[in-house]
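J.: The following comprises the amino acid sequence and a computationally predicted model.
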Amino acid sequence: SSPQIDEGERGFSFRFDAPLDMRMDTTQGETAAEFRAAAEIKDIIKNNGDLKLGEITVAQVYQGMRGMVGMVTETSRLDPEEGIRFRGYTIPELRKQLPKAPGGTEPLPEGIFYLMLVGELPTQDDVTFITTEWTKRNNVPKHVFDVIEALPVDTHPMTQFVIGIMAMQRESVFAKAYAKGINKKEYWDYVYEDSMNLIARLPRIAAYIYRRKYKGGVHIEPDHKLDWAANFAHMLGYEAFDMKRLMRLYLTIHVDHEGGNVSAHTTHLVGSALSDPYLAFAAGMNGLAGPLHGLANQEVLNWIMELKETLGGGLPTKEQIADYIKKTLTEGKVVPGYGHAVLRKTDPRFSAQQDFYRTYIKHDDICEIVQMVYEVAPPILEGTGKIKNPWPNVDAHSGALLVHYGMHEYDFYTVLFGVSRALGVLASLIWDRATNSPIERPGSLTTDNIKAKIKAAKEAAAKS
Ligand code: CMX
C-alpha cells in the first residue's frame, strides 16, 4: 500500500511499513494510498477552518508568543499544571507500561519512540523490532569521524555533535529522492528512513565525541547484543547495570515536550522548507545548545559545584543555599533548572528522576543538594514577583544522577539530551510530512504598525 522505494537507494532491504500503514487509507486502491490522518486534517480545515482557537495580544507578539497556539504536534502535549503526556500517557504511566529490557525496571526508549510514531503502546516484540532496526542501521560513515577529528578537541560537545550530524547529511535518502523527483505523498517514507538512520547513528557520534574529548580518543565499538540506550552507555564507557538503567530512563523522559519548545519548533520549522531530517534536526540541536533550553543541565551542575566550592565542600545548610540563590538573582543571572515558559508546577520529568534517586541511589551528596534546592528555591523565586514558575524543570536533577555514576563532564550533558530529543522531533517530522504540513511562514509587524493599531483601537473606543 505504501510507495515502493528503490532498495539500492535506501542502502538496506528492510521496510518498516506495518505500523504506519495501519494508518493509511487504502480503500481507494493502491495508487490512492493516503494517511487517514492527512485526510482527516483536510476535512477539518475544509469544514471547521474558521473556528477561532484564541486571540493574539500585543504582549504575546512581543514576548515570545507564550500561550499562542501556532502549530499542531501529535506526539505529545504539555499541560501547565500536570506536565507532559505522550500520546495521552503520563511519565509515571509509561514507566510502568512501556516494555523493559530483560531484568530491567525502566522503560526502553525504543518504546516511547514507537508510541509517539504510531500512537499506540508497543508490545515487547514491537520494541525488539525497533532495537534490531537501529542496530542494523548504526553504521556511521568514516568521513563523519574525520570531520569531527578536524575540530579542536576543546570545541563544545554540542558543536561537535551538530557538525557530526551535518557531515552525515550527504547520506539523506530524502534529499537524494527529492533531487530525482518524488510524489509528495511519498515524502514521509523517505523522512522515516532518514529518521531511523539518524536515531540509530546518533549514540555512536555522541559517544565518539565523548571518548575523543575526555577519554584520550580511546573509542569503544558498539555491542550489537545491547538495546539502544544500554549500547550508548557501553560506547560511552559505562558498563555498570545502574548506568544503563539510568540511560534508559534519561533517554525516555527527554524525548519530547510538545511542539513549541525551541528544539522541537526549530526542527519542525526547518523541516517545513522540505530540508531533510539531517538539516532539520541539526538546526533543532543548535537551539537545544542554548543555556535557557537544553544547556541548562550543564549550567545546573556548574552552579551547584560553584556553591560547594565557595563553601569549601560538604553539604551546605539551607541558609547558605538561600543566600546563594539570592546572590545569583542579585547578579542578574538565572537560577538554572528552575522556571519554565509553559509549566506552572514541578516538572514530572524532575519527579521521575527524584524517584529514581530515592529508589536506586538513596544517598548522594550532590543529589541531596538538588533536594535541598528544591525546598529552598521556590519561595525565593516566587518572592521576586516576576518569575511565573518557581518550580524545577527536567534539567534541575539530571546532572546530579550522572555525576553519581561517574560522568563528571558537565558540558557533555546536553548531547545526551539531544540524542533523546531526536526521538520526539523526528517522529513529529515524519507526521509533518505524512500529513502534508505546509511551509511555516507566520506574519510579523513593526512597532510602528503596532502603534498605529493601538491608536486606531483608542479612536474606535472613544467613538463608541
Ligand atoms: N532564575 C531567575 N530569573 C528567572 C528564572 C530563573 N530560573 N526564570 C524566569 N526568570 C525571570 C526571567 O528571566 C524574566 O525576567 P525579566 O522580566 O527580567 O526578563 C522573568 O523571570 C519572567 O520570566 P518567565 O515568564 O517566568 O519565564 P520565561 O517564560 O520568560 O522563561 C525560562 C522560561 C525557562 C527560559 C526561564 O524560566 C529560565 O531562564 N530558567 C532558567 C534556565 C532553565 O532552567 N532553562 C531550562 C528550561 C527547560 C528546558 O528547555 O530544558
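T.: Great, that's in hand.
J.: rest of the way, CA atoms for contacts and neighbours
T.: Will do.
J.: Residue of the stretch 1-150 of the chain closest to the ligand, please.
T.: Arg66 (7.3 Å; C-alpha to the nearest ligand atom).
J.: which stretch of helix or strand covers the nearest residue to that residue once chain neighbours are set aside?
T.: Once flanking residues are discounted, Arg66 sits nearest to Gln60: 5.8 Å by C-alpha to C-alpha, 6 or more residues apart in numbering. Take DSSP states H and E as the rule and Gln60 turns out to sit in helix 58-62.
J.: what helices or strands is that helix leaning on?
T.: Applying 3 or more C-alpha pairs under 8 Å, 6 or more residues apart in numbering; DSSP states H and E, we find helix 58-62 packed against no helix or strand.
J.: Check what contacts it and list those residues.
T.: Arg66, Gly67, Met68, Ile450 (C-alpha atoms under 8 Å, 6 or more residues apart in numbering).
J.: change it to 10 Å
T.: Under the criterion C-alpha atoms under 10 Å, 6 or more residues apart in numbering, residues Met65, Arg66, Gly67, Met68, Ser444, Leu445, Thr447, Ile450, Lys453, Ile454 lie in contact with helix 58-62.
J.: in the stretch 101-250 of the chain, which spans are helices?
T.: Using DSSP state H, counting those that start in this stretch, the helices of the stretch 101-250 of the chain run over 109-118, 124-136, 142-149, 157-168, 173-180, 187-214, 228-236, 241-253.
J.: I'd like to check the angle between the fourth one and helix 187-214, please.
T.: By that I understand helix 157-168. Counting by axes from the mean of the first three to the mean of the last three C-alpha atoms, to 10 degrees, helix 157-168 lies at 130 degrees to helix 187-214.
J.: from the chain's centre, how far out does helix 157-168 sit?
T.: Distance, stretch centre to chain centre, for helix 157-168: 16 Å (C-alpha atoms, centre = their mean, to the nearest Å).
J.: looking at this structure, which helix or strand does the model trust least?
T.: Sorting the helices and strands of the chain by mean pLDDT, DSSP states H and E puts helix 7-10 at the bottom, at a mean of 42.
J.: any idea of the mean pLDDT for stretch 94-105?
T.: Mean per-residue pLDDT for stretch 94-105: 96.
J.: Straight-line length of it, end to end?
T.: 12 Å (C-alpha to C-alpha, to the nearest Å).
J.: hmm, back to that, nearest to Thr266, of the helices of the stretch 101-250 of the chain?
T.: Of all the helices of the stretch 101-250 of the chain, helix 157-168 sits nearest to Thr266, with 13.8 Å by C-alpha to C-alpha.
J.: In terms of secondary structure, what does that closest one contact?
T.: If contacts are counted by 3 or more C-alpha pairs under 10 Å, 6 or more residues apart in numbering; DSSP states H and E, helix 157-168 sits against helix 142-149, helix 187-214, helix 277-288, helix 413-434.
J.: related to what we said a few turns ago, quick one: the helices of the stretch 101-250 of the chain as CSV, columns for mean pLDDT too.
T.: Formatted as CSV, the helices of the stretch 101-250 of the chain follow (pLDDT from 0 to 100):
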stretch, mean pLDDT
helix 109-118, 95
helix 124-136, 93
helix 142-149, 98
helix 157-168, 98
helix 173-180, 96
helix 187-214, 96
helix 228-236, 98
helix 241-253, 98
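J.: In CSV, list these along with distance to Val370 and mean neighbour count.
T.: Converted to CSV, the helices of the stretch 101-250 of the chain look like this (distance: least, C-alpha to C-alpha, whole Å; neighbours: other C-alpha atoms under 10 Å):
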stretch, distance to Val370, mean neighbour count
helix 109-118, 25, 25
helix 124-136, 33, 18
helix 142-149, 34, 15
helix 157-168, 25, 22
helix 173-180, 44, 17
helix 187-214, 25, 23
helix 228-236, 24, 24
helix 241-253, 17, 23
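J.: Could you export these as JSON lines, including distance to Lys100?
T.: Shown next, in JSON lines, are the helices of the stretch 101-250 of the chain (distance: least, C-alpha to C-alpha, whole Å):
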{"stretch": "helix 109-118", "distance to Lys100": "9"}
{"stretch": "helix 124-136", "distance to Lys100": "8"}
{"stretch": "helix 142-149", "distance to Lys100": "32"}
{"stretch": "helix 157-168", "distance to Lys100": "28"}
{"stretch": "helix 173-180", "distance to Lys100": "32"}
{"stretch": "helix 187-214", "distance to Lys100": "19"}
{"stretch": "helix 228-236", "distance to Lys100": "11"}
{"stretch": "helix 241-253", "distance to Lys100": "9"}
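J.: out of the ones you listed, nearest to Ala462?
T.: Taking C-alpha to C-alpha, helix 109-118 is the member of those nearest to Ala462, at 51.8 Å.
J.: what's the closest non-adjacent residue to Lys213?
T.: Nearest to Lys213 is Val153, by C-alpha to C-alpha, 6+ apart, at 5.7 Å.
J.: what residues are up against the closest residue to Arg433 other than its chain neighbours?
T.: Closest residue to Arg433 apart from its sequence neighbours, by C-alpha to C-alpha, 6+ apart: Trp188 at 4.9 Å. Counting by C-alpha under 10 Å, 6+ apart, Trp188 touches Pro3, Leu20, Phe174, Asp194, Leu429, Ile430, Trp431, Asp432, Arg433, Ala434, Thr435, Asn436.
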